[in-house]
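Peer 1: What follows is a predicted protein model with its sequence.
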Amino acid sequence: MLLILRWLAIGLAVAVFAGWAMLWLGPAGVTHAIRSAAGLATPGGVQVGGSFSLIDQTGKAVTDATWRGRWMLIYFGYTTCPDVCPTELQTIVEALDSLGRQAAQVVPIFITIDPERDTQAHLADYVKLFDDRLVGLTGTAQQIAAVARAYRVYYAKVTPKDSATYLMDHTSFLYLMGPDGTLRALFRPGTSVQELAEAIRARLSAAS
Ligand code: NI
């Protein structure tokens, strides 16, 4: 029962986000990655993405400007996620692999929405399970709340009834940010490796 409620909550969150995304990206934004115009302001002036100040898995302080000039492929999740996060991270790594040399222009970034458990050391162990290129970012609860707000990421702690530990409900979109730090594409959860690689390749080629 609780599991059903949890999935309903996630489904609702995704539906709300999808509905909202459709409002300003158009229907294609939900079913496909979409090329964004410069600025990408919504009718209401809402923007996706922005500045952040976090700590990487080596303990180094970073900001969004750290990777200016390269593309950022950003995913929000948490290391104890049982299903969606590992799948999405694997998709990112495989998509980069299929990009070949072009992959050097893209920095894959995993930002935790569970900073309480995902310490720098914990992130270091986690990201290397996937790929040496993967950057893991954490921060204070306030810093994570700020970056999640900037990227319109929903997340919430959920503790199953008979459990001593909590889970995190969260939206699972992938954000492709251009060399200038602005949003270039948004990918829905479950985007295939091929679809992701092709969409990224098209944007890299168009920009070069
Ligand atoms: Ni997850």
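Peer 2: Nice, thanks for sending it over. Not measured: the values here are computed from a predicted model.

Peer 1: From what I see, Leu137 and Ile113 are in contact.
Peer 2: No. Checked against C-beta atoms under 8 Å, the pair Leu137 and Ile113 is beyond contact range at 10.6 Å. C-betas here are computed from N, CA, C, even on glycine.

Peer 1: Test my guess that Val147 contacts Thr112.
Peer 2: No. Val147 sits out of contact with Thr112 when judged by C-beta under 8 Å, with a separation of 10.1 Å.

Peer 1: Between the two, point out the one with more neighbours.
Peer 2: Taking other C-beta atoms under 10 Å, Val147 and Thr112 do not tie; Thr112 has more neighbours (28 against 22).

Peer 1: ok, now how distant is the nearest residue to that one once chain neighbours are set aside from the ion?
Peer 2: Distances taken as C-beta to C-beta, 6 or more residues apart in numbering put Asp118 closest to Thr112, at 3.8 Å, once the chain neighbours are dropped. In this view, Asp118 and the ion are 12 Å apart by C-beta to the ion, to the nearest Å.

Peer 1: Am I right that Asp118 is in a strand?
Peer 2: No. Under the criterion used here (DSSP: H, G, I helix; E, B strand; the rest coil), Asp118 is coil, not part of a strand.

Peer 1: Run through the residues that contact it.
Peer 2: By C-beta atoms under 8 Å, 6 or more residues apart in numbering, the contact set of Asp118 is Tyr78, Thr79, Thr112, Tyr126, Gly136, Thr138.

Peer 1: Next, give phi and psi for it.
Peer 2: Main-chain dihedrals, Asp118, degrees, to the nearest 10: phi -90, psi 80.

Peer 1: What's the separation between it and Ile109?
Peer 2: 14 Å (C-beta to C-beta, to the nearest Å).

Peer 1: Contact partners for the most centrally placed residue in the chain?
Peer 2: The centre of the chain sits closest to Tyr75, judged by C-alpha atoms, centre = their mean, with a distance of 1.8 Å. The neighbours of Tyr75, taking C-beta under 8 Å, 6+ apart as the test, are Cys85, Glu88, Leu89, Ile92, Pro108, Ile109, Phe110, Ile111, Ser172, Leu174, Tyr175.

Peer 1: between those residues, which has the most around it?
Peer 2: Ranking the contacts of Tyr75 using other C-beta under 10 Å puts Ile92 first, with 28 neighbours.

Peer 1: State the mean pLDDT of the one helix or strand it maps to.
Peer 2: Element membership of Ile92, judged by DSSP states H and E, is helix 84-99. Helix 84-99 shows a mean pLDDT of 97.

Peer 1: how many neighbours does Ala156 have?
Peer 2: Neighbours of Ala156 using other C-beta under 10 Å come to 13.

Peer 1: Okay, and the beta partners of it?
Peer 2: Note on Ala156: beta-bridge partners by DSSP bridges are Asp169.

Peer 1: could you dump the contacts of Asp118 to CSV with distance to the ion?
Peer 2: Shown next, in CSV, are the contacts of Asp118 (distance: C-beta to the ion, whole Å):
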residue, distance to the ion
Tyr78, 6
Thr79, 9
Thr112, 10
Tyr126, 12
Gly136, 14
Thr138, 15
